[in-house]
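**Q** I'll drop the sequence and a predicted model, then ask my questions.
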Amino acid sequence: MFRKTLLIIICSLFVFQFKGLLLANEKTKTEPKTEESTRAVAEVKTEKKTGGEKEVEKKGEDIVATVNGEKVFRKDLDRRLSVLKRMNQEVTRSTQMLVVNQLTKKVLLKQFVEGQNIEVSNEEIQGEVEKIKFFLKSGPNNSEKPLEEILESRGSSISELEAEVTRTLALSKYLDKEVSDDEKRSYFDANKNAFNGERVRASHVLIDTRKMKTDAELEGAKQKIGDIKKEIDNGADFAEMAKKYSDCPSAEKGGDIDFFQRKGSMVEEFAKVAFSMEVGEVSEPVKTPFGYHIIKVTDREEGKDVSYEDVSDMVDFVYMQIKTETLLEGLIEKAEIEVFL
């Protein structure tokens, strides 16, 4: 049952909710390390008002977005951005948009589960909150702090935690009904290397496109990565090409980004290609949210033999994420979302 992994899901939300925001810092070159962070960026429908009473009303109430008419307030955005500022991270427009995207997705999921009339008891909610409290206070720096203070340091609050638990409990109950055990077993059988500890080691050349705004710039990046691939195909040393051209900090190491597993470390587009390659093979250019990559697999560690029963909780966790993202894609497509930034 998906509810067995609820604690993992909620804790990952509060521990890692800013991981993706750090990637949005326009002055920070970052390796493509988190699948969760990039996949979290939804392409919301943005309509900027240019005049009229409605715009004045929105600004007057400090509203940064509406989701099917429900308001997202600036205070919620500012609370999260304040955490980044305390971490000495520059808050750019892209960072703000990423946070707003996260907030709108929370509202969409809340609206969805409310429409399903799924009952979540106060006992269930408080039971999960106590587990999360124990988890968060288990760290040496938090053991003496009240839960309110720990949550505030993460840009959250008790009420928001309870709302998150309620939403996730309801969603897990919904998915329990919608997803059969056979479906999860089939997913496991088709993706065993995501659960058996198999790892590959890779190097890459990255042409970062995150700051590019025009079609001409993007086309130039595509052309550049193609030219680099031709040099490699003609005998150029991969590590030297990475040192010369790559926009990733790994360039100084010849593009080496060490070992990683199939799920949870790299963005899906990158990991999917890398795990399909043989040791020594060089990929064609690969597009990810970070830009264009050329990947070279340099080593592989085979996984151990595992059964579905051995890793069923992890399968639940991964599959719930996948089903939630699929659900969100459909909700976003149908939603009326306006952003006022």
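**A** Sure thing, it's come through.

**Q** rounded mean pLDDT for stretch 306-321, please.
**A** In this model, stretch 306-321 has a mean pLDDT of 90.

**Q** and the helices in the stretch 201-341 of the chain?
**A** Here the stretch 201-341 of the chain has its helices, by DSSP state H, counting those that start in this stretch, at 215-233, 238-245, 268-275, 312-334.

**Q** ok, Trp131 - how many residues close by?
**A** For residue 131 the amino acid is Lys, not Trp. Neighbour count of Lys131, defined by other CB atoms under 10 Å: 15. Any C-beta I mention is one placed from the backbone N, CA and C, and that applies to glycine too.

**Q** roughly how far does Arg86 sit from Gly155?
**A** According to CB to CB, to the nearest Å, Arg86 and Gly155 sit 10 Å apart.

**Q** what about those two, which has more around it?
**A** Ranked by neighbour count (other CB under 10 Å), Arg86 and Gly155 place Gly155 first, with 22 against 10.

**Q** I'd say the more buried one and Val83 touch.
**A** Yes. Because the distance of 4.2 Å satisfies CB atoms under 8 Å, Gly155 is recorded as touching Val83.

**Q** what helix or strand does Asn101 sit in?
**A** According to DSSP states H and E, Asn101 maps onto helix 93-115.

**Q** now that helix - C-alpha only, CSV.
**A** The C-alpha coordinates for helix 93-115 follow below in CSV (Å, rounded to 0.1, in the frame of the first residue of the first chain):
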residue,chain,number,x,y,z
ARG,A,93,12.9,35.5,-11.1
SER,A,94,13.4,31.9,-12.2
THR,A,95,13.7,30.9,-8.5
GLN,A,96,10.4,32.7,-7.7
MET,A,97,8.7,31.0,-10.6
LEU,A,98,9.9,27.6,-9.4
VAL,A,99,8.5,28.3,-6.0
VAL,A,100,5.2,29.5,-7.4
ASN,A,101,5.0,26.3,-9.6
GLN,A,102,5.4,24.2,-6.4
LEU,A,103,2.7,26.1,-4.6
THR,A,104,0.3,25.8,-7.5
LYS,A,105,0.8,22.1,-7.7
LYS,A,106,0.1,21.8,-4.0
VAL,A,107,-3.2,23.6,-4.6
LEU,A,108,-4.1,21.4,-7.6
LEU,A,109,-3.5,18.2,-5.6
LYS,A,110,-5.6,19.6,-2.7
GLN,A,111,-8.4,20.5,-5.0
PHE,A,112,-8.3,17.1,-6.6
VAL,A,113,-8.4,15.0,-3.4
GLU,A,114,-11.1,17.3,-2.0
GLY,A,115,-13.1,16.4,-5.1
